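*Asks:* Generate a structure from the sequence data that follows.
(one chain, ligands or ions: 1)
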Amino acid sequence: MSFRKDFLWGGATAANQYEGGYLSGGKGLATLDAITGGSKDQPRMITFKTKDGEIKEVTREEALPVGAVGYVDPDKYYPSHVATDFYHHYEEDIALFAEMGFKCFRMSISWARICPKGTDEINEAGLAFYDAVFDELLKYGIEPVVTINHFDIPMYLADELDGWNNRKTVDYFIFFCETIFKRYKDKVKYWMTFNEINFLRSWTQIGIHQNDNQHRYQAIHHLFVASAKAVILGHEINPDFQIGMMVAYIPSYPMTSNPEDVMAALEFNRGQEFFIDVQVKGTYPAHKLKWFEREKIVIQKEADDDEILKKGTVDYIGFSYYMSTASSANPENVKYVGGNQQPAVKNPYLEESEWGWAVDPLGLRISLCKLYDRYQIPLFIVENGFGAVDVVKEDGSIDDDYRIDYFKKHIAAMKDAVTLDGVDLIGYTPWGCIDLVSAGTGEMKKRYGFIYVDLDDHGNGTLERSRKKSFYWYKDVIATNGENL
Ligand code: P53
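*Replies:* A predicted model of the protein is given here:
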């Protein structure tokens, strides 16, 4: 026996990439409704209106002018508007997840569906939608795993408050949490606060117009406080809640044994571990405070913030793992590799996906060891997977052996971490278990699913679902609790 008996096998999705129904049932606009599709070579664009009514666009890395508001251009295609339409297909999709034997299903709640402006107005139809989804999951004995906020924010809060830069957003977020915690307290046990909190920097994700380090880290402080307050509140509402954090984990190796490279890798890794430190240990690490000093970043805190962070530490670490990277002290080695990775060094020992993501199964075991050695709380792999172009054969079948191969090796690495290293791993939810819109590029052709959805990058397609070869493979993995790979 390797994986625990109650191991949470499942799959993961997010509202903005899967749900669609962007204005259905009283949903308000979210920032992500105003970002176009792109590709590996062409960035997604945010469309907005300036204070003077000019219509413009910027990439996610660029700042928006002060006073700019999100704008949905009727002549443009926005992949999140329909996405792969979970909104109208949830019964069919959940039946397919049940057929694979899912024990859990990770999804996010769209904040703007519950609170259309993000303020304290509640949309009952939105709450009823998620009730229906949770009931459908529970009917098959599938445990919902809910990301409270995955990469978006109600447009109104971005437009009016500058999103997470404004302390008031913390209060509105907690109102949203209280609403969903109370409503779903008997249906949902597993929660996580912010998806990939270490990646949040753009207007689409956190509603901030200026994304320099001063603004970014102020917003992040507010996210930390909001997450901690949500943990405290959730445990008051239902002491059985398991509330985790979520980080994108990309371990970095030194490019050589030159200590300079080792230091560079250490700094890269600290960049993400900082987020775990605050949410698991409840304090900012010393190196970050020193860096704030050097960079002249001043975080505005309220008197009891430190106490809130200390009290609101999480129950488990949820993380995504797709790839590893390498670090070098020599800037000439550091190139922007592939799709939407961070600046990094190409690792000659690893192959990459078509989008330039380095495939590294052992890196997953290394990550599990590092995280468990360092934090000693349960771990949950809430995303992992292989984005690839799938080819539908004449008879409708899809032989995604490359995906099966990726999962096989990664699950074997997880097994080693559990059986050889003693890591406390509670579950595994491969990303985009059903095809959905890519966050990085907005494409449909970068597919992750066990289930294929007929939709292309321009919105053409029937949205019909079909089972890929990996569907049957994963079903057997779950049925044997990971013994058959
Ligand atoms: P896509 C970059 C690197 C690692 C994880 O990503 C990332 C990203 C963002 O692009 O995000 C997570 O769709 C995220 C999901 C996302 C998934 O990874 O760019 O939590 O929303 O879809 C895969 O291939």
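*Asks:* How about the contacts made by the nearest residue to residue 280 once chain neighbours are set aside?
*Replies:* Take residue 280 and drop its neighbours on the chain: the residue closest to it by Cβ to Cβ, 6 or more residues apart in numbering is residue 375, 5.0 Å away. Placement of C-beta: from N, CA and C, glycine included. With contact taken as Cβ atoms under 8 Å, 6 or more residues apart in numbering, residue 375 is in contact with 276, 280-281, 317.
*Asks:* ok, those vs residue 24, which is closest?
*Replies:* Closest approach between these and residue 24, by Cβ to Cβ: residue 317, at 34.4 Å.
*Asks:* Let me know whether residue 391 touches residue 402 as I believe.
*Replies:* No - judged on Cβ atoms under 8 Å, residue 391 makes no contact with residue 402 at a distance of 10.9 Å.
*Asks:* More neighbours: the two, which one.
*Replies:* residue 402 (15 against 9; other Cβ atoms under 10 Å).
*Asks:* Do any residues in the helix or strand hosting the more buried one lie close to the ligand?
*Replies:* Per DSSP states H and E: residue 402 is located in helix 401-419. No - using Cβ under 6 Å from any ligand atom, helix 401-419 stays clear of the ligand, coming no nearer than 13.2 Å.
*Asks:* Buried residues in that helix, which are they?
*Replies:* Burial within helix 401-419, assessed by neighbour count using 16 or more other Cβ atoms under 10 Å, is assigned to 403-404, 406-407, 409-418.
*Asks:* again, but for stretch 45-58
*Replies:* 45-49, 57-58.
*Asks:* Likewise for stretch 179-195?
*Replies:* So stretch 179-195, judged by 16+ other Cβ under 10 Å, has buried residues 179-181, 183-184, 187-195.
*Asks:* Next, the distance between the ends of stretch 478-485.
*Replies:* 10 Å (Cα to Cα, to the nearest Å).
*Asks:* can you list contacts of that stretch?
*Replies:* 1-3, 5, 7, 9, 100-103, 408, 411-412, 414-415, 476-477.
*Asks:* What is the distance between that stretch and the centre of its chain?
*Replies:* 26 Å (Cα atoms, centre = their mean, to the nearest Å).
*Asks:* do stretch 381-392 as well
*Replies:* Relative to its chain's centre, stretch 381-392 lies at 14 Å (Cα atoms, centre = their mean).
*Asks:* same question, stretch 238-247
*Replies:* Distance of stretch 238-247 from the chain centroid (Cα atoms, centre = their mean) equals 16 Å.
*Asks:* got the end-to-end distance for that stretch?
*Replies:* Stretch 238-247 end-to-end distance (Cα to Cα) = 24 Å.
*Asks:* Could I get the buried residue list for it?
*Replies:* Those would be 238, 241-247, for stretch 238-247 by 16+ other Cβ under 10 Å.
*Asks:* And stretch 221-235, by the same measure?
*Replies:* 221-231, 233-235.
*Asks:* Just the ones of the residues you listed in helices?
*Replies:* 221-231, 233-235 (DSSP state H).
*Asks:* Name the nearest residue to the residue nearest the centre of the chain, ignoring sequence neighbours.
*Replies:* Note on the chain: the residue nearest the mean C-alpha position is residue 195, at 4.0 Å, using Cα atoms, centre = their mean. With Cβ to Cβ, 6+ apart as the criterion, residue 195 has its nearest non-adjacent residue at 4.0 Å, and that residue is residue 150.
*Asks:* count of residues packed around the residue in the chain that the ligand sits nearest to?
*Replies:* Going by Cβ to the nearest ligand atom, the ligand is nearest to residue 440 of the chain, at 2.7 Å. Residues lying near residue 440 (other Cβ under 10 Å) number 19.
*Asks:* how much space between it and residue 239?
*Replies:* Residue 440 sits 38 Å away from residue 239, going by Cβ to Cβ, to the nearest Å.
*Asks:* Near residue 26, how many other residues are there?
*Replies:* Neighbour number of residue 26 under other Cβ under 10 Å is 17.
*Asks:* Residues of the protein that sit close to the ligand?
*Replies:* 14, 17, 151, 195-196, 248, 320, 322, 340, 383, 387, 431, 438-440, 446.
*Asks:* And these, which is closest to residue 123?
*Replies:* Among these, and counting by Cβ to Cβ, the member closest to residue 123 is residue 14, at 19.3 Å.
*Asks:* I figured the closest one hits residue 151, correct?
*Replies:* Yes - using Cβ under 8 Å, residue 14 is in contact with residue 151, at 6.5 Å.
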